[in-house]
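[1] Pasting the sequence and the predicted model now:
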Amino acid sequence: MDSDFFGKLEALYSEMDQKWAAAASHYGFECTGCKDNCCKSLFFHHTFIEEAFLAAGVEALTPSVRKDVQKRADGYLETVFDSTGSVSEKRPCCPLNIDGLCAVYPNRPMICRLHGLPHHLEGADGRIVKGNGCAQGESFFMSKSYFDFNRTPFYSRMASLELEYRKAKGLSGRIRKTVAHMVQET
């Protein structure tokens, strides 16, 4: 059953990747990593389907790499969250980043795919919220006209797919996990 949902998720991810690539091309932007790397950003993920897809990627790693990634996840969580669950200012690299590359790149979540470029979201109230993109690309972004990178359709389709997945799996409640939390649970 997961393979049917994963196929739909991969199709959605492919569209996200294509839109991101078109926007990056418009700006002449190529991500080469930076000091404030997005892999050092604190992102919380909110979908069971992405958690399952990420877990499938982690489970496909060799046992030694999986063990290393899980150890990194433990260290990440100890560094970022104190015993009360409060968030520290420290931002170690994502436990899946090995030598600057994502160990489960094809399985990376939506926010990892969409991060870094100027974009906008349309709220249910009609309000437009804009994101400026990462600091590394600021000069690229400011020197060009705005590329219409509307994330709203991607978020809407992800929400529909998540609802369908939850219903099929009998899942309820909320999810708010970092990649490290998800890795730790595999």
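    Nice, I can see it.
[2] How far off centre is the lowest-mean-pLDDT helix or strand in the chain?
    Every helix and strand in the chain was compared by mean pLDDT, DSSP states H and E; the lowest is helix 138-142, with a mean of 81. Relative to the mean C-alpha coordinate of its chain, helix 138-142 is positioned 22 Å out (C-alpha atoms, centre = their mean, to the nearest Å).
[3] Let the chain start at 33 from now.
    Okay, residue one is now 33; in that scheme the one you just asked about reads as helix 170-174.
[4] what's the following helix or strand after it?
    helix 184-201 (DSSP states H and E).
[5] what's the next secondary structure element after that next one?
    Helix 184-201 is succeeded, C-terminally, by helix 211-216 (DSSP H and E).
[6] related to what we said a few turns ago, return the set of buried residues in the least confident helix or strand of the chain.
    172-173 (16 or more other C-beta atoms under 10 Å). Yep, even glycine has a C-beta here, placed from its N, CA and C like the rest.
[7] Low-confidence stretches in this protein?
    Along the chain, the parts satisfying pLDDT under 70 run over 67-68.
[8] Show me where the chain has its strands.
    129-130, 133-134, 151-154, 160-163 (DSSP state E).
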